[in-house]
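Visitor: next come a sequence and a model predicted from it.
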Amino acid sequence: MKAKIVLLPGDGIGPEVTQAAKAAFDAIAQRFGHDFLISQALMGGAAIDATGEPLPAATLAACQEADAVFLGAVGGPKWDKSEKRPEQGLLAIRKALGLYANLRPAVTHPALYDASPIKADRLKDVDIMVARELTGGIYFGEKQEGSEAAWDRCAYSAEEIDRVLHQAARLARSRRGKVTMVDKANVLATSRLWRRRTEAVFAEHYPDLELEFLLVDAAAMHLLSRPASFDVLVTENLFGDILTDEAAMLVGSLGMLPSASLGDSGPGLFEPCHGSAPDIAGQDKANPFAAMLSAAMLLELGLGLGEEAQVLKDAVYACLEARQCTADLGGKLGTQGATAAVLARIL
Ligand SMILES: NC(=O)C1=CN([C@@H]2O[C@H](COP(=O)(O)OP(=O)(O)OC[C@H]3O[C@@H](n4cnc5c(N)ncnc54)[C@H](O)[C@@H]3O)[C@@H](O)[C@H]2O)C=CC1
Ligand SMILES: CC(C)CC(=O)C(=O)O
Ligand SMILES: [Mg+2]
């Protein structure tokens with residue numbers, strides 16, 4: 001097949017892990033005879049340095065014309081005090097492409113039990129799909145920043161909530177049939193709207209699914225004490241961001257969690273859940289597997305290439321079983337070595 005993929009490497013370890021994803025696309029194209037037209041565009045801090053904007057118009061236009069977009073990571077101390085922040089570019093592209101559902105799978109593997117701080121008996125059969133709302137809530141509300149006071153507005157409409165609930169429910173139907181909705185309905189008005197919409201949408205459309213409600217503070221605890229009991233976890237933007245970094249430690253490292261950001265039409269955006277990791281950037285230390293697993297999600301959900309995605313995932317998991325991995329997982333390989341180990345299993 002012919003497909004246009006745009007890469008947004010970004011900052012810090014972003015370019016290093018994007019290189020790993022690109023190598024995976026090239027290897028899959030070679031093995032299956034696909035014609036992937038892969039181009040690269042400026043995003044985040046790198047884009048601010050080059051153009052003054054975190055999301056240049058030319059980058060957005062290239063993404064809108066693509067079949068799928070891959071992003072490394074953005075941000076870093078260099079831009080922490082600048083007027084425009086790299087992270088604004090990421091929020092802007094999610095909004096501009098209408099990517100309201102961020103799917104973040106957290107799946108444990110016996111080869112990684114040692115890498116997790118959680119006891120192995122809790123990690124068995126953990127297979128969680130977080131459906132995080134991505135274009136609403138406090139990240140997108142009006143804000144005011146003063147030296148003595150500041151505020152951020154959190155707002156949700158029923159429509160914004162319903163569409164991600166439907167995504168979560170459809171996913172649960174194709175999995176184990178359970179949805180956990182996480183909110184803070186004992187305190188927040190927006191959370192109470194989430195709860196009312198969840199009750200209504202599931203009663204009307206998904207009475208066959210098991211539905212559980214958790215307050216976010218307790219959910220953070222349950223994720224560690226009974227992780228295998230979760231199937232699909234649906235929640236608002238901020239809570240989903242935080243809980244998925246926590247869930248990464250069930251798997252063994254933040255460098256293992258991929259994601260897909262999807263809307264109703266147009267290209268999806270696929271990116272590892274981690275950030276730009278300035279503490280290890282440029283040292284060949286970054287785990288490339290979250291990026292390569294995100295590349296697999298791009299193949300499957302962005303281009304409809306399920307078999308190709310499975311080959312890539314199998315190659316990553318075979319490396320984990322052979323201990324061909326980076327130091328965050330207890331391995332001895334660098335970013336490039338771990339990438340090469342995956343490629344060798346594809347070609
Ligand atoms: N999607 C994105 O582009 C995101 C960007 N950020 C930005 O990244 C910058 C750094 O943020 P942090 O809070 O430090 O979060 P981070 O996710 O970049 O790093 C947290 C910790 O995890 C480690 N880590 C992350 N990815 C890794 C990988 N692939 N392999 C091995 N270790 C890995 C890092 O070394 C660090 O110790 C900030 O500017 C932040 O705004 C943060 C999260 C997401
Ligand atoms: C950098 C932020 C905009 C968001 C974030 O941390 C994430 O999406 O994981
Ligand atoms: Mg995050």
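Guide: Sure, I can see it. Numbers count the residues shown, from 1 in each chain. Ligands and ions are numbered 1, 2, ... in the order given.
Visitor: buried residues, stretch 181-199. List them.
Guide: By 16 or more other Cβ atoms under 10 Å, the buried positions in stretch 181-199 come out as Met181, Val182, Asp183, Lys184, Ala185, Leu188, Thr190, Ser191, Leu193, Trp194, Arg197, Thr198. C-beta coordinates here come from the backbone N, C-alpha and C atoms, glycine included.
Visitor: Glu133 and Glu236 touch, don't they?
Guide: Yes: contact criterion Cβ atoms under 8 Å: Glu133 and Glu236 qualify, at 5.1 Å.
Visitor: any shared contact partners between the two?
Guide: Listed as contacting both Glu133 and Glu236 by Cβ atoms under 8 Å, 6 or more residues apart in numbering are Tyr156.
Visitor: hang on, the earlier thing: Serialize the buried residues of stretch 181-199 to TSV and add fields for distance to ligand 2 and secondary structure.
Guide: TSV is the format used below for the buried residues of stretch 181-199 (distance: Cβ to the nearest ligand atom, whole Å; DSSP: H, G, I helix; E, B strand; the rest coil):
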residue	distance to ligand 2	secondary structure
Met181	20	strand
Val182	16	strand
Asp183	19	strand
Lys184	19	coil
Ala185	23	coil
Leu188	20	coil
Thr190	18	helix
Ser191	20	helix
Leu193	22	helix
Trp194	19	helix
Arg197	23	helix
Thr198	22	helix
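Visitor: looking at those, which is nearest Leu347?
Guide: Proximity to Leu347 was ranked across the buried residues of stretch 181-199 by Cβ to Cβ; first place goes to Val182, at 41.6 Å.
Visitor: so who does the closest one touch?
Guide: Phe213, Leu214, Leu215, Val216, Ala219, Leu233, Val234, Thr235, Phe239, Leu243.
Visitor: and stretch 41-54, does that touch ligand 1?
Guide: No: against ligand 1, stretch 41-54 shows no contacts by Cβ under 6 Å from any ligand atom, the least distance being 7.0 Å.
Visitor: shouldn't Gly76 be in contact with Pro86?
Guide: Yes: taking contacts as Cβ under 8 Å, Gly76 lies within contact range of Pro86: 7.1 Å.
Visitor: tell me which stretches of the stretch 1-150 of the chain form strands.
Guide: 2-10, 35-40, 68-73, 101-107, 127-133, 143-145, 150-152 (DSSP state E, counting those that start in this stretch).
Visitor: can I get the CA coordinates of stretch 278-289 in CSV?
Guide: Provided in CSV are the C-alpha atoms of stretch 278-289 (Å, rounded to 0.1, in the frame of the first residue of the first chain):
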residue,chain,number,x,y,z
PRO,A,278,16.1,15.8,29.2
ASP,A,279,18.0,13.9,31.9
ILE,A,280,19.0,11.2,29.4
ALA,A,281,18.7,13.0,26.0
GLY,A,282,21.5,12.7,23.6
GLN,A,283,23.1,9.8,25.5
ASP,A,284,21.8,6.8,23.5
LYS,A,285,19.9,5.7,26.7
ALA,A,286,16.3,6.2,25.8
ASN,A,287,14.1,3.1,25.5
PRO,A,288,12.8,3.1,21.9
PHE,A,289,10.1,0.5,22.5
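Visitor: need the contact partners of it.
Guide: 11-13, 16-17, 20-21, 76-77, 253, 255-256, 277, 316, 319-320, 325-329, 334-336, 338-339, 342.
Visitor: which of these count as buried?
Guide: 11-13, 16-17, 20-21, 76, 253, 255-256, 277, 316, 319-320, 325-329, 334-335, 338-339, 342.
Visitor: picking up where we left off before, among the contacts of stretch 278-289, which are in reach of ligand 1?
Guide: Counting by Cβ under 6 Å from any ligand atom, the members of those near ligand 1 are Ile13, Gly76, Ser253, Gly255, Ala277, Asp328.
Visitor: which positions in this structure make contact with ligand 1?
Guide: Counting by Cβ under 6 Å from any ligand atom, the chain sits next to ligand 1 at 13, 73-76, 87, 90, 253-255, 271, 274-280, 286-287, 290, 328.
Visitor: distance check, the closest residue to Gly89 other than its chain neighbours against Leu91.
Guide: Distance criterion Cβ to Cβ, 6 or more residues apart in numbering; nearest residue to Gly89, sequence neighbours excluded, is Pro54 at 2.9 Å. Computed with Cβ to Cβ, to the nearest Å, the distance linking Pro54 and Leu91 is 9 Å.
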